[in-house]
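Student: here is a sequence with its predicted model. Questions after.
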Amino acid sequence: MKGETDTEPAGDATRIAVVTTTVASAADADRLAALMVERRVAACVQVERVVSHYRWQGAPHREEEWRLDCKTAVPRVDALLAALAEQHPYELPQLLAQTVRAERRYAEWVGEQTLPPG
């Protein structure tokens, strides 16, 4: 197709967003994941255990955390970020959004699953 390469598809049909955050416990990760899917701001949330190294309030830290990768439609990113910020247990949560290329059928499914209710 004209304008399409391995890294740049034509049009936006294959673009989705991935919003990433971390929490301190599996219970918080499960709660947030279920809530984001229930609210239809995320189609899918993958949860995995990670180790984070960071500086907080002047001191270095090493903590085990749970990372959530939330897949959503690009137009739903702001709603997902707001929902995560509202429900997040951290004072200063990591909320990172990036647009990625997805296989067309998966991108369509993500779009269908994140249509606003009503």
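Tutor: That came through fine. Predicted model, so just to flag it, every value in this text is computed and none were measured. Numbering: from 1, shown residues only.

Student: quick check: mean pLDDT of the longest helix along the chain?
Tutor: Counting by DSSP state H, the longest helix found in the chain is helix 26-38. Across helix 26-38, the average pLDDT comes to 98.

Student: can you name every helix or strand that that helix contacts?
Tutor: Counting contacts by 3 or more C-beta pairs under 8 Å, 6 or more residues apart in numbering; DSSP states H and E, helix 26-38 packs against strand 15-23, strand 44-56, strand 59-72, helix 77-87. Where you see a C-beta, it was placed from the backbone N, CA and C, and this is true even at glycine.

Student: ranking the ones you listed by burial, who's on top?
Tutor: Highest mean neighbour count of the helices and strands packed on helix 26-38: strand 15-23, a mean of 21 (counted as mean count of other C-beta atoms under 10 Å).

Student: give me the mean pLDDT for it.
Tutor: For strand 15-23, the per-residue pLDDT averages 98.

Student: ok, now stretch 63-80?
Tutor: Mean pLDDT, stretch 63-80: 98.

Student: which residues does the longest helix of the chain contact?
Tutor: 21, 23, 42-45, 47, 49, 66, 68, 70, 80, 83-84, 87-89, 113 (C-beta atoms under 8 Å, 6 or more residues apart in numbering).

Student: quick one: it to chain centroid distance?
Tutor: 12 Å (C-alpha atoms, centre = their mean, to the nearest Å).

Student: with stretch 81-97 instead?
Tutor: The chain centre lies 11 Å from the centre of stretch 81-97; the measure is C-alpha atoms, centre = their mean.

Student: for it, measure first residue to last.
Tutor: End-to-end distance for stretch 81-97: 8 Å, by C-alpha to C-alpha, to the nearest Å.

Student: ok, and what's touching it?
Tutor: Contacts to stretch 81-97, defined as C-beta under 8 Å, 6+ apart, come from residues 17-24, 28, 31-32, 35-36, 39, 41, 70, 77, 80.
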